[in-house]
Structures are given as C-alpha cells and as structure tokens.
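sequence? don't have it. structure:
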C-alpha cells in the first residue's frame, strides 16, 4: 500500500503546474503606478491564479506586485485591480519600449477576449504614435489546464 501511495505522490509531483487546479479556483491581479506615470516610473504587476481562497490569491498578487523588480517605485504603490473568478482569464498588454506610457490589462471569461481588451486598453494609454507597438506580455486562465 505504501508503494502505491508513494508512486501516486511521485506521479503527482511530475504533473504540469495547474493540472490539479481546483474546480472553483480563483485569482487576482494587482497593479502599481506612481503619480508621475508609467513613462517615468514604469508599472508593477502581480498576478495569482488557481488558488482556492480569494484572500490568499489577493495576498499573493499583491506580494508579487510589491516584488516587481523592474519598476521599484511603482511596486510601492501596488493595489488590487481585479479578482479572477473560477474559469476566467486575464491578460496584460504593454508597449515594450522603456519610457512609454502604453499599458493595459483585462479580466474576461475567455482568453481571446481578455487579450483583445488588454490590447485595446494599452492602445488608449499609449497614444497614437505608439499604439501599434502594444502587445500582450502575459495571459493566463484560472482553473484551466
């Protein structure tokens, strides 16, 4: 019996992350921006998904945002901007050029919609000259393999 249990535990450890995501998994998205703006101080982001408790997901997203190394001033200003419900997706879009204001994020019921909305939000903040440079930099879905 111990052998079977040991094999089962070993097999579970080798499964891809998220394979055993809880059916009611939740997540959170946190963002940090300074009053000086994204172009000057950058933006900090933190995400968490596939948690079975919203408070834990919120805490993890804030922790990840506060630890965002490439925008340390912005990381001090992190706030929760959205809860990711079970089976929802999020996306973050940015203008990859440093010193530009283009950034957007979205939470939606499917990944394509989240990406589309994040890109649209990025284009608005990027302005006409930089809107075409916005691209999705991160996306994931909660509770999905």
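Received it, and whenever you're ready, just let me know what you need. Note that the structure is a prediction, hence the values are computed from the model and not measured.

So what touches the longest helix seen in the chain?
As assigned by DSSP state H, the longest helix anywhere in the chain is helix 111-126. Residues outside helix 111-126 that contact it (C-beta atoms under 8 Å, 6 or more residues apart in numbering) are 38, 88-95, 100-108, 131-136, 139, 141. Just so you know, the C-beta spots here come from the backbone N, C-alpha and C atoms, and that holds for glycine as well.

Ok, stretch 135-144 next?
By C-beta under 8 Å, 6+ apart, stretch 135-144 touches 18, 21-27, 45, 47, 49-50, 84-94, 96, 110-111, 114-115, 118-119.

quick one on the thing from earlier: next SSE downstream of the longest helix of the chain?
Per DSSP states H and E, helix 111-126 leads on to strand 135-141 as the next helix or strand towards the C-terminus.

so residue 61, which of the three states?
With DSSP: H, G, I helix; E, B strand; the rest coil as the basis, residue 61 sits in helix.

Compute the number of surrounding residues for it.
Using other C-beta atoms under 10 Å, residue 61 has 27 neighbouring residues.
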